[in-house]
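Novice: sequence below, structure please.
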Amino acid sequence: MSELVCELLGERLMDRDQAEVESSPLGCDGRLVALYFGCSWSASCKEFTAALADFYSRFKQGENGDKLEVVFISSDEEYKPWQEFVGQMPWLMLPLQDMERKCPPCRSLTRVLVETYRKIKEMGQKFEIVFVSADRSEESFKQYFNEMPWLAVPYTDEARRSRLNWNFSIQGIPTLLILDQEGKIVTRQGRPAVLNDIDCKEFPWHPKPVLELTESNALQLNERPSLVLFVDSEEEEFEPAKQLIQPIAEKIFSEHKAKDEDPPLLFFVAGEDDMTESLRDFTNLPDSAPLLTILDMSQRAKYVKDVEEITPAIVEEFVQAFLTEKLKPEPI
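Specialist: This next block holds a predicted model:
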């Protein structure tokens, strides 16, 4: 783990006083490492930073305080606003001069995507990838693009790159959009789709109404409110749990697809693993299962349905009450 951390983040990071620290200890003793991607000019980042700092301080004071570290990776281009922003952070950070060559999720996705691209081409599918760079220099772009077998928008065409980011409302990287032949979005979740389908059996990855919550798709919880049904970890528990929420999930997806809109709610089934345990801890949820919840991370709110038995009718009633704003939120 230490070698992987050093490979992704480099051998040295900075602390809140901007003093150099070694990154290798992050991979020891079963620690979890949270990579926080953000920037100083985003109001939502500033709001989230304050919330994360509060959680971080409380967590560090607990019995497992040494089991988590946060590393901030900025998309700022200027030193002064970056310096002022990181001054508010109690965790570690990647030095600004290292940012343009360090985007661990980008590198990880690219390695998988190269193999995915090869497999889809061998399947005879009509498919192409176009890389839209967020690199800060043409030299960095050329070095990174050299690893890719597909096409790219020229780095010098900044207007086109900016227009694409604007048109598709790109909020962060890496983002992998899948478009159909008419240019309509098949899915915005190309990244978790690719990572969860190494054999490309589900290409072109049309969105599923109900997903199993995994490390690769958990970031979707931050995009919009999400219904999460927590169940026991046994494999046989997942399919019955999916059937409980499938009817209302399909109904909502169909209604909004007809309007060419994104659904207002995502649907997940979560088992028992380290990631799910961390999610329960972060949202202050009980350890009981099954447990029916709606998590709204952007509003730092949760909704919990405390019933002895969960049925499709109860799930639909719970969802409709949320969508019509009849539920009282609890703070996360």
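Novice: can we go C-alpha only for contacts and neighbour counts from here?
Specialist: Fine.
Novice: look up which helix or strand Ile245 falls in, please.
Specialist: Using DSSP states H and E, the element containing Ile245 is helix 235-258.
Novice: relative to helix 235-258, how tilted is the helix or strand that that helix is followed by?
Specialist: Scanning forward in sequence from helix 235-258 by DSSP H and E, the next helix or strand is strand 266-270. On the basis of axes from the mean of the first three to the mean of the last three CA atoms, to 10 degrees, strand 266-270 is oriented at 180 degrees to helix 235-258.
Novice: give me the number of residues near the residue lying closest to Gly10 once chain neighbours are set aside?
Specialist: Take Gly10 and drop its neighbours on the chain: the residue closest to it by CA to CA, 6 or more residues apart in numbering is Ser23, 7.1 Å away. Using other CA atoms under 10 Å, Ser23 has 22 other residues around it.
Novice: pLDDT at Ser23, what is it?
Specialist: With respect to pLDDT, Ser23 has a value of 78.
Novice: and it, its phi and psi?
Specialist: Taking degrees, to the nearest 10, you get phi -90, psi -20 for the backbone angles of Ser23.
Novice: please apply the same query to the one 10 residues further on.
Specialist: Recorded main-chain torsions at Val33 are phi -120, psi 120, according to degrees, to the nearest 10.
Novice: what does Leu176 give?
Specialist: phi -120, psi 110.
Novice: and the gap between it and Arg118?
Specialist: Relative to Arg118, Leu176 is positioned 16 Å away (CA to CA, to the nearest Å).
Novice: hang on, the residue nearest to Gly10 packs against Leu9?
Specialist: Yes - counting by CA atoms under 8 Å, Ser23 touches Leu9, with 7.4 Å between them.
Novice: re earlier: distance of the residue nearest to Gly10 relative to Leu52?
Specialist: Distance, Ser23 to Leu52, using CA to CA: 21 Å.
Novice: likewise for Tyr144?
Specialist: Using CA to CA, Tyr144 is found at 31 Å from Leu52.
Novice: neighbour-wise, which of the two wins?
Specialist: Using other CA under 10 Å, the more surrounded residue of Tyr144 and Leu52 is Leu52, with 18 against 15.
Novice: helix, strand or coil for that one?
Specialist: Three-state assignment for Leu52 (DSSP: H, G, I helix; E, B strand; the rest coil): helix.
Novice: got the buried residues for the helix holding Ile245?
Specialist: Buried positions in helix 235-258, judged by neighbour count with 16 or more other CA atoms under 10 Å: 238, 241-242, 244-249, 252-253.
Novice: which residue ranges make up each domain of this protein?
Specialist: According to automatic domain parsing, the chain comprises the domains 2-100, 104-195, 211-331.
Novice: columns distance to Trp205 on top of the ones you listed, output as JSON lines?
Specialist: Listed next are the domains of the chain as JSON lines, based on distance: least, CA to CA, whole Å:
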{"stretch": "domain 2-100", "distance to Trp205": "26"}
{"stretch": "domain 104-195", "distance to Trp205": "6"}
{"stretch": "domain 211-331", "distance to Trp205": "12"}
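Novice: out of the ones you listed, the one nearest Lys201 is which?
Specialist: Across the domains of the chain, Lys201 has its closest neighbour in domain 104-195 (9.7 Å, CA to CA).
Novice: now do the closest one, average pLDDT.
Specialist: On average, the pLDDT along domain 104-195 is 90.
Novice: again with stretch 57-64
Specialist: pLDDT averaged over stretch 57-64 gives 88.
Novice: mind listing what's buried in that stretch?
Specialist: For stretch 57-64, the neighbour count (16+ other CA under 10 Å) marks Phe59 as buried.
Novice: equivalent analysis for stretch 195-214, please.
Specialist: Across stretch 195-214, burial judged by 16+ other CA under 10 Å covers 195, 200, 204-205, 209-214.
Novice: looking at the residues you listed, which are in helices?
Specialist: Judged by DSSP state H, those include Leu195 as members of helices.
Novice: inside strands: which ones of the buried residues of stretch 195-214?
Specialist: 211-212 (DSSP state E).
Novice: tell me the one of the buried residues of stretch 195-214 nearest Pro312?
Specialist: For the buried residues of stretch 195-214, the residue nearest Pro312 by CA to CA is Val210; the value is 13.4 Å.
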